[in-house]
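Asks: fold the following.
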Amino acid sequence: MTTTVADLYPTRGSSETVTPRVDPVVWSEPGAPGPMRPSELSDFDRDGFLAIEELITPDEVAVYRAELDRLISDPGVRADERSIIEPKSQDVRSVFEVHRISEVFANLVRDPRVVGRARQILGSDVYVHQSRINVKPGFGASGFYWHSDFETWHAEDGLPNMRTVSVSIALTENYDTNGGLMIMPGSHRTFLGCAGATPKDNYKKSLQMQDAGTPSDEALTKLADAHGIKLFTGKAGSATWFDCNCMHGSGDNITPYPRSNVFIVFNSVENTAVEPFAAPVRRPEFIGARDFTPVR
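Replies: Presented below is the predicted three-dimensional model:
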């Protein structure tokens, strides 16, 4: 028997739509235990993100950088379907499901400083919906265009509610010039449904260059006028936590200085994926997990 789940956030129709958020941002009760202070949770609720100057230490950064370098230089990893290749340079752009490929990154996912914050924000046990390392070498690595992750995860992976949080941990310094993360503060309060149907196997193209699920210039201008744009900089080891519905993106990196990070998406075990809401088929499990085992 198939259970029907209400589509609270319609998208990929004939035209763009705007839907007010009906879900909480911080799901835990006030005073819930965890590494985040009440003021940090309040800031996250207001802005949709929280920047932390040092989530991991310089010594730990060196360990994770070495593991990133090992993975992207491994011919077996490069040939794996979980690796995404830059169209122009043919360099490795991302490696997905990195917490399953690498025990080093699996340990990072289980770190209380990481998973503890995810539990505190989402108010429940969590599992990894997606993980990856992003490699953005200097001299031409392409960026990620403006988008809401939840729009894709809802449309193509079947996540019903906005009960998902991401953390981007810098493994190289984020300057204001090397293609850093940009977020529109407060944009997480509004869901922008995008126009246009989802092609079959859209992920094969979208992970290199987005098309389906991309907002219009007019909609992005309205959001930017209303909320502004915050650019994140910081030392290696710093981290940005952000809500699944934040409008965000990053520019190309034309500087000599690489920008690499590890990106982990935690979803509540009470918000597990159903069938896609606006796509003909599910994306592969290395992009949108169907193993809902809680992180321990």
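
Asks: alpha carbons only for contacts and neighbour counts from here, please
Replies: OK.

Asks: now do the one helix or strand residue 67 maps to: everything it contacts.
Replies: Per DSSP states H and E, residue 67 falls inside helix 58-72. Outside helix 58-72, the residues that touch it by C-alpha atoms under 8 Å, 6 or more residues apart in numbering are 77-78, 92, 95, 104-105, 133, 171, 236-237.

Asks: need those residues in a markdown table with pLDDT, secondary structure and neighbour count, can you?
Replies: Listed next are the contacts of helix 58-72 as a markdown table, based on pLDDT from 0 to 100; DSSP: H, G, I helix; E, B strand; the rest coil; neighbours: other C-alpha atoms under 10 Å:
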| residue | pLDDT | secondary structure | neighbour count |
| --- | --- | --- | --- |
| 77 | 92 | helix | 16 |
| 78 | 91 | helix | 19 |
| 92 | 86 | strand | 21 |
| 95 | 95 | strand | 25 |
| 104 | 98 | helix | 15 |
| 105 | 98 | helix | 23 |
| 133 | 96 | strand | 26 |
| 171 | 98 | coil | 29 |
| 236 | 98 | coil | 25 |
| 237 | 98 | coil | 24 |
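
Asks: which among those residues gets closest to residue 41?
Replies: residue 237 (20.5 Å; C-alpha to C-alpha).

Asks: where exactly do the strands run in this protein?
Replies: Taking DSSP state E as the criterion, the chain carries its strands at 17-20, 49-52, 83-85, 92-96, 126-136, 144-148, 164-170, 181-183, 190-193, 230-231, 239-243, 247-250, 259-268.

Asks: need the contacts of helix 58-72 in a markdown table (columns: distance to residue 21).
Replies: Listed next are the contacts of helix 58-72 as a markdown table, based on distance: C-alpha to C-alpha, whole Å:
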| residue | distance to residue 21 |
| --- | --- |
| 77 | 39 |
| 78 | 39 |
| 92 | 36 |
| 95 | 31 |
| 104 | 36 |
| 105 | 33 |
| 133 | 29 |
| 171 | 33 |
| 236 | 33 |
| 237 | 32 |
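
Asks: in a markdown table: the strands of the chain, plus distance to residue 34.
Replies: Converted to a markdown table, the strands of the chain look like this (distance: least, C-alpha to C-alpha, whole Å):
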| stretch | distance to residue 34 |
| --- | --- |
| strand 17-20 | 29 |
| strand 49-52 | 15 |
| strand 83-85 | 34 |
| strand 92-96 | 28 |
| strand 126-136 | 14 |
| strand 144-148 | 27 |
| strand 164-170 | 15 |
| strand 181-183 | 25 |
| strand 190-193 | 28 |
| strand 230-231 | 26 |
| strand 239-243 | 15 |
| strand 247-250 | 26 |
| strand 259-268 | 16 |
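
Asks: select the helix or strand of the chain having the lowest average pLDDT value.
Replies: Every helix and strand in the chain was compared by mean pLDDT, DSSP states H and E; the lowest is helix 203-206, with a mean of 61.

Asks: thinking again about what came up before, now the helix holding residue 67: buried residues?
Replies: Residues of helix 58-72 classed as buried by neighbour count (16 or more other C-alpha atoms under 10 Å): 61, 64-65, 67-68, 71-72.

Asks: and if you look at stretch 275-295?
Replies: For stretch 275-295, the neighbour count (16+ other C-alpha under 10 Å) marks 275-283, 286-290, 292, 295 as buried.

Asks: for residue 13, give the beta-bridge partners.
Replies: Residues in a beta bridge with residue 13, per DSSP bridges, are residue 195.

Asks: and it, what does it touch?
Replies: 193-197.

Asks: for the stretch 1-150 of the chain, what are the low-confidence residue spans?
Replies: Where the stretch 1-150 of the chain drops to pLDDT under 70, the residues are 1-3.

Asks: please repeat the previous calculation with a cut-off of 80.
Replies: Applying pLDDT under 80 to the stretch 1-150 of the chain flags residues 1-4, 86-90, 140.

Asks: what's the neighbour count on residue 152?
Replies: When neighbours are defined as other C-alpha atoms under 10 Å, residue 152 has 27 of them.

Asks: actually residue 25, not the one I typed
Replies: Using other C-alpha under 10 Å, residue 25 has 25 neighbouring residues.

Asks: can you pull the contacts of it?
Replies: With C-alpha under 8 Å, 6+ apart, residue 25 has these contacts: 44-45, 48, 121-122, 162-163, 243.

Asks: mind checking the pLDDT average for stretch 275-289?
Replies: Taken as a whole, stretch 275-289 has an average pLDDT of 96.

Asks: now it - C-alpha only, PDB.
Replies: Provided in PDB are the C-alpha atoms of stretch 275-289 (Å, rounded to 0.1, in the frame of the first residue of the first chain):
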ATOM      1  CA  GLU A 275       9.000   9.200  -4.000                       C
ATOM      2  CA  PRO A 276      10.100  12.400  -5.900                       C
ATOM      3  CA  PHE A 277       7.600  15.200  -5.900                       C
ATOM      4  CA  ALA A 278       8.500  16.500  -9.300                       C
ATOM      5  CA  ALA A 279      10.800  14.100 -11.200                       C
ATOM      6  CA  PRO A 280      10.100  10.900 -13.200                       C
ATOM      7  CA  VAL A 281      12.600   8.800 -11.200                       C
ATOM      8  CA  ARG A 282      14.700   8.900  -8.000                       C
ATOM      9  CA  ARG A 283      18.200  10.100  -8.200                       C
ATOM     10  CA  PRO A 284      20.900   7.600  -7.400                       C
ATOM     11  CA  GLU A 285      21.400   6.800  -3.700                       C
ATOM     12  CA  PHE A 286      24.900   8.200  -3.600                       C
ATOM     13  CA  ILE A 287      23.300  11.600  -4.200                       C
ATOM     14  CA  GLY A 288      20.000  11.200  -2.300                       C
ATOM     15  CA  ALA A 289      20.300   8.500   0.400                       C
END
